[in-house]
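1. okay, sequence plus prediction incoming.
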Amino acid sequence: MTITCSQLLEKYSQAWLGATVHPFLQQCHSGTIQHSQFNTWLVQDYLFVVEFTRFVARVLANAPTDHFDVILGGLSALKDELNWFKDKATSRQLNLETKPQPACRQYCNYLEMVSDMPYAVQVTALWAIELAYNQAWQLPGIMPQPYTEFADRWGNPNFTEYVKLLEQLADEAMSKSSQDAQFQAESVFLEISTKEKDFWEMAFF
């Protein structure tokens, strides 16, 4: 039987909860997060998105042509996002030329590993990463200033629609993949859930 994205969310609901509900986000919502903690996360997230952009490009390289439109749309959005990070760093007087913390480095290294896996696994990973951000910034509710624009960036309806399209691509690719690839995708989904949780926690170190 072919596994689907919705089945992964149901099977690993506890792990997914850890990826999308975290004290970091709750403290942003309550306005109690320390500026230094948020800034730590912001810089590390920029470093991650740089490598994530490379990962999405590799997914595109392996995708069937009828999947190009959706993935290219994601790459175009990442171009704007990287420039947005630079603007935020300037306004907050942050140095983006810094070393990744262990959780960030391990996540980026993991994406390189996934890049060598079948396309169905890669696109499932892409969906899971984007869904994690989409849900994580939506679940706390309306974010107060100065975190409103961050929640809007990843929790807005257009981004939600993009994630739904990625889910369709992943489900289609999985339906045509081998049983081994489906097992790999399941393992990758669980690992991404763990790494997303670790990434939020990095802000407190």
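-> On my side now, so go ahead.
2. does the residue nearest the centre of the chain count as helix, strand or coil?
-> Nearest to the geometric centre of the chain sits Ile129, at 2.9 Å (Cα atoms, centre = their mean). Recorded secondary structure, Ile129: helix (DSSP: H, G, I helix; E, B strand; the rest coil).
3. try Thr98
-> On the basis of three-state DSSP, Thr98 is classed as coil.
4. tell me the contacts of it?
-> Val43, Leu47 (Cβ atoms under 8 Å, 6 or more residues apart in numbering). Using the backbone N, CA and C atoms, a C-beta is placed for each residue, glycine as well.
5. let's see 7 Å
-> Thr98 makes contact with Val43, according to Cβ atoms under 7 Å, 6 or more residues apart in numbering.
6. from Lys88, how far off is it?
-> 15 Å (Cβ to Cβ, to the nearest Å).
7. now Gly18
-> For Gly18, the distance to Lys88 - Cβ to Cβ - is 26 Å.
8. now swap in Asp80 and tell me
-> 13 Å.
9. those two - which one has more neighbours?
-> Legend: neighbour count by other Cβ atoms under 10 Å for Asp80 and Lys88, higher for Lys88 (18 against 10).
10. for the host helix or strand of the more buried one, name the packing helices and strands.
-> Using DSSP states H and E, Lys88 maps to helix 68-92. With contacts taken as 3 or more Cβ pairs under 7 Å, 6 or more residues apart in numbering; DSSP states H and E, helix 68-92 sits against helix 35-62, helix 157-175.
11. okay if I get the ones you listed as CSV plus mean neighbour count and distance to Met1?
-> Shown next, in CSV, are the helices and strands packed on helix 68-92 (neighbours: other Cβ atoms under 10 Å; distance: least, Cβ to Cβ, whole Å):
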stretch, mean neighbour count, distance to Met1
helix 35-62, 18, 24
helix 157-175, 18, 10
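12. columns mean pLDDT and distance to Pro118 on top of those, output as CSV?
-> CSV is the format used below for the helices and strands packed on helix 68-92 (pLDDT from 0 to 100; distance: least, Cβ to Cβ, whole Å):
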stretch, mean pLDDT, distance to Pro118
helix 35-62, 97, 8
helix 157-175, 97, 8
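13. quick check, Gly141 in contact with His29.
-> Yes: at 6.3 Å, Gly141 counts as touching His29 under the criterion of Cβ atoms under 7 Å.
14. ok, those two, which is more surrounded?
-> Neighbour count, other Cβ under 10 Å: between Gly141 and His29, His29 has more, with 18 against 9.
15. contacting residues for that one?
-> Pro140, Gly141, Met143.
16. next: Leu165.
-> Val70.
17. want to throw the helices and strands packed on helix 68-92 into TSV with distance to Phe68?
-> As requested, those are arranged in TSV below (distance: least, Cβ to Cβ, whole Å):
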stretch	distance to Phe68
helix 35-62	7
helix 157-175	10
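18. between those helices, which one is closest to Ile192.
-> helix 35-62 (11.6 Å; Cβ to Cβ).
19. and the closest one, what does it pack against?
-> helix 68-92, helix 102-114, helix 119-138.
20. TSV for those, including distance to Val56?
-> Output for the helices and strands packed on helix 35-62, formatted as TSV (distance: least, Cβ to Cβ, whole Å):
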stretch	distance to Val56
helix 68-92	6
helix 102-114	9
helix 119-138	6
